[in-house]
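Visitor: Pasted the sequence and its predicted model underneath.
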Amino acid sequence: MKIGIDCLSFFIPDLFLDIAELAVARDTDPAKFKIGIGQDQMAVQPLTQDIVTLGANAAKKIVTDADRALIDMVIVGTESGTDFSKASAVVIHELLDIQPFARSFEIKEACYGGTAALQLAKEYVANHPDRKVLVIASDIARYGLNSGGEVTQGAGAVAMLITKDPRVLVLADDSTFLTENVYDFWRPAYSEFPIVDGPLSNTTYIESFQKVWHRHSEVTGLTLSDYDALSFHIPYTKMGKKALLSVLDETDEATRERLLARYEESIRYSRRIGNLYTGSLYMGLISLLENSAALTGGSRIGLFSYGSGAVSEFFTGYLAEGFENHLFQSAHQELLENRRQVSISTYEELFIQKLPVHGESAVYEDPMRFSIQKVEGDIRYYRKTES
Ligand code: COA
């Protein structure tokens, strides 16, 4: 049976910061941020958008009325949870009017959570072929003002519907995965921001890729020349390229050129958005599919997922015939183009704003389809507009 991604879409906040302006404000050469790190813009999150609204806004484009009756699970991969106990998926399930006899829960393992959700969904559909699973990877990547990771911040969500006979990407049964207990990036429950060993996280990412890639190659017999494209977790766009470059001497010149060209197509959106943590790999996949003229039905794509801590996975899929008819290029372009640029001072003001805590209350206005409407009695209430 063919199982995989039937459709996928992203949502991002409607505010962004120019990375060159951030560089100047941080007394840094803009070339370091734009070339060395590989970012142009950063999504800036207003107070009224959290992982629930980002996720629900991403999913609304891909969930039809027929789907609402067939979805058995809503799984959110995130490392920006707003509650230690209640899952964001439960609220998203209600906002999207999914049929009630469903499972809804969150999965956590840093940026790997979206892939854990995707693989679980695939196994569920294998046992229940007529049912569907909604997978959402939703995060707000925050390292702190003036921190080393600030330039790589971002926010947004990717939603994917996992079904049999998928219209976009058929997933193979060939995952190789790896767990190693590494403290490269983690966020203790008492800490607002992650604790990051930047150089260690870069090294662990690259070494993890090499390990799961080589194991995958040994197990399947596939080599780099068998792939039309590779898609990477993209904490910042230079990162995946470093991992890709680290194995390219294993192949011929034509394959090198092809994989590097596809890599550039896979980072177009991330350059303008920044890190999505759990959603970054899938943002890269959307960018690749929507910006590459070289891919056709049957094209084989390898995907590398990495979550600090560290868990990684390499898996593959091939594109369904006619996949290009089930993408959302124009809606995604509109999201990117219709954003409002904010100044450094506005970004810094927004960054330190906080929702009420400990029973305090506040009411908000945000024109997005789903947004935080008010906080009262320690509960976030969400607005559901008709737009
Ligand atoms: N022009 C062009 N490039 C420049 C430059 C300039 N003026 N100045 C520096 N650079 C390059 C460096 O050569 C380096 O390139 P390289 O990695 O190819 O060697 C790159 O910019 C980054 O410079 P570096 O000094 O390493 O940056 P940093 O100490 O500020 O740290 C991160 C960068 C990514 C480690 C930091 O942003 C971070 O901690 N990020 C969060 C963690 C993360 O994303 N980890 C990834 C795995 S999940």
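Guide: Good, I have the coordinates. Numbering: from 1, shown residues only.

Visitor: What number of residues are in the vicinity of the closest residue to the ligand within the stretch 151-300 of the chain?
Guide: At 2.7 Å from the ligand, Gly198 is the closest residue in the stretch 151-300 of the chain, using C-beta to the nearest ligand atom. The C-beta positions use only the backbone N, C-alpha and C, and glycine is treated the same way. Counted with other C-beta atoms under 10 Å, the neighbours of Gly198 add up to 14.

Visitor: so what's the residue nearest to it when sequence neighbours are not counted scoring on pLDDT?
Guide: Distance criterion C-beta to C-beta, 6 or more residues apart in numbering; nearest residue to Gly198, sequence neighbours excluded, is Gly148 at 5.5 Å. Looking at Gly148, its pLDDT is 96.

Visitor: Gly148 and Phe185, how far apart?
Guide: Here the criterion is C-beta to C-beta, to the nearest Å. By it, Gly148 lies 11 Å from Phe185.

Visitor: okay, and the common contacts of these two?
Guide: Here Gly148 and Phe185 have Val196 as joint contacts, going by C-beta atoms under 8 Å, 6 or more residues apart in numbering.

Visitor: And those two? Which one has more around it.
Guide: Phe185 (25 against 12).

Visitor: and the stretch 101-250 of the chain, which of its residues are near the ligand?
Guide: Gly148, Gly149, Val151, Thr152, Val196, Gly198, Ser201, Asn202, Tyr205, Pro235, Tyr236, Met239 (C-beta under 6 Å from any ligand atom).

Visitor: can you tell me which two in those residues are farthest apart?
Guide: Distances among these were taken as C-beta to C-beta; the most separated pair is Val151 and Tyr205, at 16.7 Å.

Visitor: between these two, which one's more packed in?
Guide: The neighbour comparison of Val151 against Tyr205 (other C-beta under 10 Å) goes to Tyr205, with 26 against 23.

Visitor: Name the SS class of the more buried one, please.
Guide: Secondary structure, DSSP: H, G, I helix; E, B strand; the rest coil: Tyr205 is helix.

Visitor: just to revisit the earlier point, turn the residues of the stretch 101-250 of the chain next to the ligand into JSON lines, including secondary structure.
Guide: Formatted as JSON lines, these follow (three-state DSSP):
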{"residue": "Gly148", "secondary structure": "coil"}
{"residue": "Gly149", "secondary structure": "coil"}
{"residue": "Val151", "secondary structure": "helix"}
{"residue": "Thr152", "secondary structure": "helix"}
{"residue": "Val196", "secondary structure": "strand"}
{"residue": "Gly198", "secondary structure": "helix"}
{"residue": "Ser201", "secondary structure": "helix"}
{"residue": "Asn202", "secondary structure": "helix"}
{"residue": "Tyr205", "secondary structure": "helix"}
{"residue": "Pro235", "secondary structure": "coil"}
{"residue": "Tyr236", "secondary structure": "coil"}
{"residue": "Met239", "secondary structure": "helix"}
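
Visitor: count of residues packed around the residue nearest to Ile5 when sequence neighbours are not counted?
Guide: Once flanking residues are discounted, Ile5 sits nearest to Leu169: 4.3 Å by C-beta to C-beta, 6+ apart. Neighbour count of Leu169, defined by other C-beta under 10 Å: 22.

Visitor: Next one: the residue positioned nearest the centre of the chain from Trp186, what distance?
Guide: Nearest residue to the geometric centre of the chain (C-alpha atoms, centre = their mean): Gly279, 0.8 Å. Separation of Gly279 from Trp186 (C-beta to C-beta) stands at 19 Å.

Visitor: Which SSE is immediately downstream of the host helix or strand of Lys122?
Guide: Applying DSSP states H and E as the criterion places Lys122 in helix 113-127. Downstream of helix 113-127, the first helix or strand assigned by DSSP H and E is strand 132-141.

Visitor: pull the CA atoms of that next one into PDB?
Guide: What follows is strand 132-141, C-alpha atoms only, in PDB (Å, rounded to 0.1, in the frame of the first residue of the first chain):
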ATOM      1  CA  LYS A 132      -6.300  10.000   7.900                       C
ATOM      2  CA  VAL A 133      -3.900  11.600  10.300                       C
ATOM      3  CA  LEU A 134      -3.300  15.300  10.600                       C
ATOM      4  CA  VAL A 135       0.400  16.100  11.500                       C
ATOM      5  CA  ILE A 136       1.400  19.600  12.500                       C
ATOM      6  CA  ALA A 137       4.900  20.800  13.300                       C
ATOM      7  CA  SER A 138       4.500  24.200  15.000                       C
ATOM      8  CA  ASP A 139       7.200  26.200  16.800                       C
ATOM      9  CA  ILE A 140       8.500  29.600  17.800                       C
ATOM     10  CA  ALA A 141      12.300  29.600  17.700                       C
END
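
Visitor: Direction included, what does that strand pair against?
Guide: Paired with strand 132-141 in the same sheet, following DSSP bridges, are strand 71-77 (parallel), strand 154-164 (antiparallel).

Visitor: just the angle between the helix holding Lys122 and strand 154-164, please?
Guide: Counting by axes from the mean of the first three to the mean of the last three C-alpha atoms, to 10 degrees, helix 113-127 lies at 10 degrees to strand 154-164.

Visitor: ok, and what's touching helix 113-127?
Guide: 1, 3-5, 72-73, 75-79, 106-107, 109, 131-133, 135-137, 158, 160, 162-164, 171, 175, 277-279, 281-282, 303, 305, 307, 311, 313, 315.

Visitor: And stretch 315-335, by the same measure?
Guide: With C-beta under 8 Å, 6+ apart as the test, stretch 315-335 has contacts from 4-7, 9-12, 14, 61-62, 115, 119, 166-172, 174-176, 216, 222, 227, 269, 286, 289-290, 295-303, 305.

Visitor: Using neighbour counts, trim those to the buried set.
Guide: With burial judged by 16 or more other C-beta atoms under 10 Å, the buried subset of the contacts of stretch 315-335 is 4-7, 9-12, 14, 61-62, 115, 119, 166-172, 175-176, 216, 222, 227, 269, 286, 289-290, 295, 299-303, 305.
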